[in-house]
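Q: sequence and predicted structure, then a few things I'm wondering about:
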Amino acid sequence: MVNQTYTADVLVVGGGTGGTAAAIQAARRGAKTILVSEFSWLGGMLTSAGVSAPDGNELEAFQTGLWGAFLQELRQRQSGGLDNSWVSFFSYDPQIGAEIFADWVQELPNLHWISGKVPIDVFRQGDSITGVRFADFAVTAKIILDGTELGDLLALGKIPYRWGWELQSEWGEPSAPVSFNSLTERYPVQAPTYVVIMQDFGEAIAPEILAAPNYNPSQFTGAWDGYGAETFLNYGRLPGGRFMINWPICGNDYGQGVGRLIESDVSRDEFIQESRWHSQNFAHFIQNQLGRRYGLAEKVFPHASTAFALHPYYRESRRLLGLTTIREQDILPIAGGRVASIFNDAFAPGVCEAIAVGNYANDHHYPGVQFPLQPKSIFWGGRWTGTPFTIPYSSLIPATTDGFLVCEKNISVSHIANGATRLQPVVMGIGQAAGMAAAMCVELDCQPRDLSVKALQMALLEDNRSKTAIIPLFNLPPNHSDWLHWQLYYLNNPQAYPGSGDCPCQSWNDSPDSAFGKALIRDSNCFKGIFYRLNQQEYKFTVTAPAAYQGQNWQLVTLRSHIDKQLRTYPHEQLVTLWGHQNHFGNWLLVEHLNGG
């Protein structure tokens, strides 16, 4: 029974990565905003799902918008820094991430956050979505955003969506299957993971981790073969001797009957329970194999089973049938280039509709299956990263429904391309753009499909709190003096966008460092040593000073374009002085500044 009806300019349903970003951006723009979340933590994948070692958008040039602001907050709040794991350049206590989002929300008087609620029904008037009903209240709004983990408003509102695979005949995607087969039937979407956080108890004996139902140790045999136990644990290492267990090789990905997630509330609950048991069994296996030094972490998540995330890490959801669909071709490098095209030719040939940037490699998870994909990885800064690509605005807009936008993994994207668009920083950028668009639609009294894409792009580029890049350029950090100039130049002249991903701007090394850059250097350590070029993009550094590190060998990596440029041309066996951050668990030095001996 509805006891109260709230009215708002913008309603965001779902407090995940995209929904949280959308609500914050809409409210910062001035819209009266209501955010309704299922869980007591905001941030989704970055916090409540426990994946606090995020992938993608790691390069300095792509640390923009709310994603960049989130990283800067983490650097200030996370004691001991973010260099804790080898899977990510940023690993942190998920509670700190949740506190950042809560603080951002609470500072906005025009943003009303209601937690612990899920949508039950969607109100429609003709082709428009007008409101959402929850258990004991309803909300009507001018623009409604679906930020749920599984695209629940799409189903409730009868908004056309996709679920599962598309064949190669649909869009000519090179990695799509020619026909449906046992893989497409068994795993209609990528497998989720129920993250569990383990703890190194050192000399103490950790409490025993009991086996859950369906325990079968053969499922996990060989999980860290080829890596070693220590490297396996350090994959998702967090501060304070904790380990994020989100391991795809004979690990805790779980996809048995994954279609149950959208069949009914009962079947979804069954799947979630089984996936949690599966992670408990993996933790039990780890403890049995590696000893009682390792146990379940304590006081991590705000519920009784404190070592387990609040919900699974969903890699794929229902996907909107939008005005345009992002395909595999749209995320792959152009011929002879290091970047994807910024043209949205599937919707409007020759038009750049970019509103968010991603660069992650295309990565699919099907337990026990190796699924080949077209390569989009590149070697940059001494380490593998991914081809930058853009998200077009029209992929957030339903083909036939008004008053509505999506802002999560539920954008209009193919099953294949979802493997690159689903990552936390990309989704955060999608959320920021959707929130900005919603607020502007309220201001201009227009529908999302009628909003000027150019006006939205300008608003994102010029936002006074968290300006965000919409054109991927490797050598254009967010605080470069010419940042806005080159973003606008390629936005207005997309045909001039360079396949190299580098713009012809003054080198960041030749211009005064930004406050952001100076902060990175100031917090770094100074080392002297000998530089070795092992391959074109593989560098070793043998330390000669300080004495405590003398003789140690480190891999050199960087996230900064001018350092990448220096490393590519630095003489072999040259004495070098550099400033950087050590990552003992990845055995690399993250170089922030470099000069001669």
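A: Yep, it's here. Residues are numbered from 1 along each chain as shown.
Q: going forward, measure contacts and count neighbours with C-alpha atoms only.
A: OK.
Q: what's the burial count for residue 570?
A: Residues within reach of residue 570, counting by other C-alpha atoms under 10 Å, total 16.
Q: equivalent analysis for residue 298, please.
A: Neighbours of residue 298 (other C-alpha under 10 Å): 14.
Q: one more: residue 440?
A: 23.
Q: got the contact list for it?
A: 29, 451, 456 (C-alpha atoms under 8 Å, 6 or more residues apart in numbering).
Q: got the phi/psi numbers for it?
A: phi -70, psi -40 (degrees, to the nearest 10).
Q: please apply the same query to residue 53.
A: Torsion angles, degrees, to the nearest 10, at residue 53: phi -140, psi 70.
Q: going forward, begin numbering at 823 instead of 1
A: Noted, 823 is the first residue going forward, which turns the last one into residue 875.
Q: OK, contacts around it?
A: Residue 875 neighbours (C-alpha under 8 Å, 6+ apart): 868, 907, 909-914, 1058, 1060.
Q: contacts only, for the residue nearest to residue 1045 when sequence neighbours are not counted.
A: Take residue 1045 and drop its neighbours on the chain: the residue closest to it by C-alpha to C-alpha, 6 or more residues apart in numbering is residue 1072, 4.8 Å away. Shown in contact with residue 1072 (C-alpha under 8 Å, 6+ apart): 1041-1045, 1189-1190.
Q: could these go into JSON lines alongside pLDDT?
A: As requested, the contacts of residue 1072 are exported to JSON lines (pLDDT from 0 to 100):
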{"residue": "1041", "pLDDT": "97"}
{"residue": "1042", "pLDDT": "98"}
{"residue": "1043", "pLDDT": "97"}
{"residue": "1044", "pLDDT": "97"}
{"residue": "1045", "pLDDT": "98"}
{"residue": "1189", "pLDDT": "97"}
{"residue": "1190", "pLDDT": "93"}
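Q: and which of the residues you listed is nearest residue 1248?
A: residue 1189 (24.2 Å; C-alpha to C-alpha).
Q: so that closest one is in contact with residue 1069, correct?
A: No - using C-alpha atoms under 8 Å, residue 1189 is not in contact with residue 1069; the gap is 10.5 Å.
Q: could you tell me which residues touch both of the two?
A: residue 1075.
Q: can you lay out the contacts of residue 1072 as TSV showing neighbour count, distance to residue 1229 and secondary structure?
A: Listed next are the contacts of residue 1072 as TSV, based on neighbours: other C-alpha atoms under 10 Å; distance: C-alpha to C-alpha, whole Å; DSSP: H, G, I helix; E, B strand; the rest coil:
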residue	neighbour count	distance to residue 1229	secondary structure
1041	18	35	helix
1042	16	35	coil
1043	14	38	coil
1044	13	38	coil
1045	20	34	coil
1189	20	27	coil
1190	12	31	coil
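Q: check contacts around the residue lying closest to residue 1084 once chain neighbours are set aside.
A: For residue 1084, ignoring the flanking residues on the chain, the nearest one in space by C-alpha to C-alpha, 6+ apart is residue 1090 at 6.6 Å. Contact analysis of residue 1090 by C-alpha under 8 Å, 6+ apart lists 1082-1084.
Q: which SS class is residue 1090?
A: helix (DSSP: H, G, I helix; E, B strand; the rest coil).
Q: just give the number of residues close to residue 1092.
A: 15.
Q: save the contacts of residue 1072 as CSV, and put in distance to residue 1138 too.
A: Below are those laid out as CSV (distance: C-alpha to C-alpha, whole Å):
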residue, distance to residue 1138
1041, 23
1042, 24
1043, 27
1044, 27
1045, 24
1189, 15
1190, 18
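Q: picking that back up, among the contacts of residue 1262, name the buried ones.
A: Among the contacts of residue 1262, those classed as buried by neighbour count (16 or more other C-alpha atoms under 10 Å) are 851, 1273, 1278.
Q: quick one: which of those residues is nearest residue 879?
A: Using C-alpha to C-alpha, the buried ones among the contacts of residue 1262 come closest to residue 879 at residue 1278, 21.2 Å.
Q: helix or strand: which one has the closest one?
A: helix 1275-1283 (DSSP states H and E).
Q: sorry, back to before: could you dump the contacts of residue 1090 to a markdown table with neighbour count?
A: Converted to a markdown table, the contacts of residue 1090 look like this (neighbours: other C-alpha atoms under 10 Å):
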| residue | neighbour count |
| --- | --- |
| 1082 | 17 |
| 1083 | 18 |
| 1084 | 17 |
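Q: how about a markdown table for those residues, with distance to residue 1242 and secondary structure added?
A: Listed next are the contacts of residue 1090 as a markdown table, based on distance: C-alpha to C-alpha, whole Å; DSSP: H, G, I helix; E, B strand; the rest coil:
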| residue | distance to residue 1242 | secondary structure |
| --- | --- | --- |
| 1082 | 24 | helix |
| 1083 | 21 | helix |
| 1084 | 22 | helix |
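Q: quick one: which of the residues you listed is nearest residue 1135?
A: residue 1083 (12.7 Å).
Q: how near is the closest one to residue 1097?
A: 11 Å (C-alpha to C-alpha, to the nearest Å).
Q: cool, and residue 996?
A: For residue 996 relative to residue 1097 (C-alpha to C-alpha), the value is 32 Å.
Q: so these two - more neighbours on which side?
A: residue 1097 (25 against 15).
Q: after the helix or strand where the more buried one lies comes which helix or strand?
A: Per DSSP H and E, residue 1097 falls inside helix 1087-1112. The helix or strand immediately downstream of helix 1087-1112 is strand 1116-1118, counting by DSSP H and E.
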